[in-house]
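Colleague: sequence and predicted model, in that order:
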2 protein chains.
Amino acid sequence: MSKPGAYTRADVVDTALRLLDQYGLADLSMRRLAAELEVQPSALYWHVPNKQTLLALVSDQIIGRAAPVDDLGDWKATTLAGATAIRNALMAFRDGAEVVSSTLALGLGADGALARIRGGIDQYCPDAEIARVSAESILFLVLGQVWHEQQRMQADSLGVVAPAVEANPEDAQAASRVLQEQIDSFEFGVGLILAGLETRMAAVR
Amino acid sequence: MSKPGAYTRADVVDTALRLLDQYGLADLSMRRLAAELEVQPSALYWHVPNKQTLLALVSDQIIGRAAPVDDLGDWKATTLAGATAIRNALMAFRDGAEVVSSTLALGLGADGALARIRGGIDQYCPDAEIARVSAESILFLVLGQVWHEQQRMQADSLGVVAPAVEANPEDAQAASRVLQEQIDSFEFGVGLILAGLETRMAAVR
DNA sequence: ACCTGAACACCGTTCAAGT
DNA sequence: ACCTGAACACCGTTCAAGT
């Protein structure tokens, strides 16, 4: 904003996020991003040290846009709400889960995701180590599931394989059923971990 | 084997697996693989339609080398043994978890992994849908954890960040403690899901 | 402070042609 | 059946130089 025509780092990240959502991670190259900004590829390296860092910043944006988590009284409900907020944030951008997974594996960004899930757990679990491992388990579960779903959505849209439900004239109905199944298995999986943690906590007492 | 000097698909996959373990996924290119086989890059496309498929075949090798799972009587112990076998298989090759994660997300191969985990669950859980979702949850957890660990190992070896435990003269002791912590949190996480499933099953009855 | 121009060292994939 | 040679359309990154 110092000069017209001069981009800021935030502009670069925002554009990367938009390209990610429009064309997917495979087509998000530094050169394509530069072209979109009508700038030479080398110009990007003034704003960002490398692509890895850029993707970490993109991940932070994705996670940062997750809805704030209310304290619902019940710690299990609160934790599920946190996990759901992360899930929805990942789903809001094409290949969101893959991008966040890789930068998280690199230990680069997106620690906000863990924090959001720990909110509910910490208020009930006194052992910080147990809380951390439990929250990580939930996060891995959410990332794995959403990644799987997003890949499926893309495969379906490309017609690579037959959609799970087809040959049904009421496509909207079928699609909503698939969606419901995904939500169900999401809540089921998180519920398993929460129930397991509860058992574990009760046993110690 | 038809002519000396003529490679088979298995040769290509084996060499890819070896390069993966030696240099990591980032340096496993079709061109490098071709060079290793002393062949032109284009020659690979006679054996394999594309890189994606090659990586799926590599994944199948990684998972296929997992130890067979004995029935331990207790379904929880059997399932944990299955998950541990998968974990060890992933750990046996550099970037094993990342390779398997991505091809699994593409829905390409490595279904053997799910099957191995379901072995223990199926013999106790009558509902196939619940068994499937539970096994998937465990698989996502294992993949996420091992990916995380393998990335940490690489970061440590490159000296990018300070290792978790350092400044200790007894390095071997510190390393074995880290290893034990990883195994503990692995068994803890899987244990949560198994305990949760048990609770869930008991409630239905 | 922000960007261009040019270069370096790579990619995956296709396809006609060879043996 | 298995591979070469040559090409196409790309990559990420560096770095001197410009304004």
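Modeller: Arrived safely, thanks for sending.

Colleague: please see if the lowest-mean-pLDDT helix or strand in chain A touches chain B.
Modeller: Sorting the helices and strands of chain A by mean pLDDT, DSSP states H and E puts helix A:171-204 at the bottom, at a mean of 88. Yes - using C-beta under 8 Å from any C-beta of the partner chain, helix A:171-204 reaches chain B at A:185, A:188-189, A:191-200. Every C-beta, even on glycine, is put in place using the N, C-alpha and C of the backbone.

Colleague: kindly report the same for stretch A:121-133.
Modeller: Yes - judged by C-beta under 8 Å from any C-beta, stretch A:121-133 and chain B are in contact via A:130, A:133.

Colleague: how about low-confidence regions in chain A?
Modeller: A:1-4, A:159-169, A:205 (pLDDT under 70).

Colleague: can you list the domains in it?
Modeller: Split into domains by automatic domain parsing, chain A comes to A:4-49, A:68-204.

Colleague: deepest-packed of those, please.
Modeller: Ranked by mean neighbour count, the domains of chain A are led by domain A:68-204 with a mean of 18 (mean count of other C-beta atoms under 10 Å in any protein chain shown).

Colleague: how far off centre is whichever strand or helix holds A:Arg32?
Modeller: Assigned by DSSP states H and E, A:Arg32 belongs to helix A:30-36. Using C-alpha atoms, centre = their mean, to the nearest Å, the mean C-alpha position of helix A:30-36 is found 24 Å from that of the whole chain.

Colleague: spatially central residue in chain A, please.
Modeller: Centroid-nearest residue in chain A, with C-alpha atoms, centre = their mean: A:Leu90, separated by 2.8 Å.

Colleague: relative to helix B:171-204, how tilted is the least confident helix or strand of chain A?
Modeller: Angle of helix A:171-204 versus helix B:171-204, following axes from the mean of the first three to the mean of the last three C-alpha atoms, to 10 degrees, is 110 degrees.

Colleague: name the helices or strands packed onto helix A:171-204?
Modeller: Under the contact definition 3 or more C-beta pairs under 8 Å, 6 or more residues apart in numbering or on different chains; DSSP states H and E, helix A:171-204 sits against helix A:75-91, helix A:128-158, helix B:128-158, helix B:171-204.

Colleague: packing partners of the first one?
Modeller: I take that to be helix A:75-91. helix A:51-64, helix A:96-105, helix A:111-122, helix A:128-158, helix A:171-204.

Colleague: who's in contact with the nearest residue to A:Asp60 once chain neighbours are set aside?
Modeller: Nearest residue to A:Asp60, sequence neighbours excluded (C-beta to C-beta, 6 or more residues apart in numbering or on different chains): A:Gly109, at 4.7 Å. Residues in contact with A:Gly109 (C-beta atoms under 8 Å, 6 or more residues apart in numbering or on different chains) are A:56-57, A:59-60, A:63, A:103.

Colleague: which element, helix or strand, includes A:Gly109?
Modeller: Using DSSP H and E, A:Gly109 falls outside every helix and strand.
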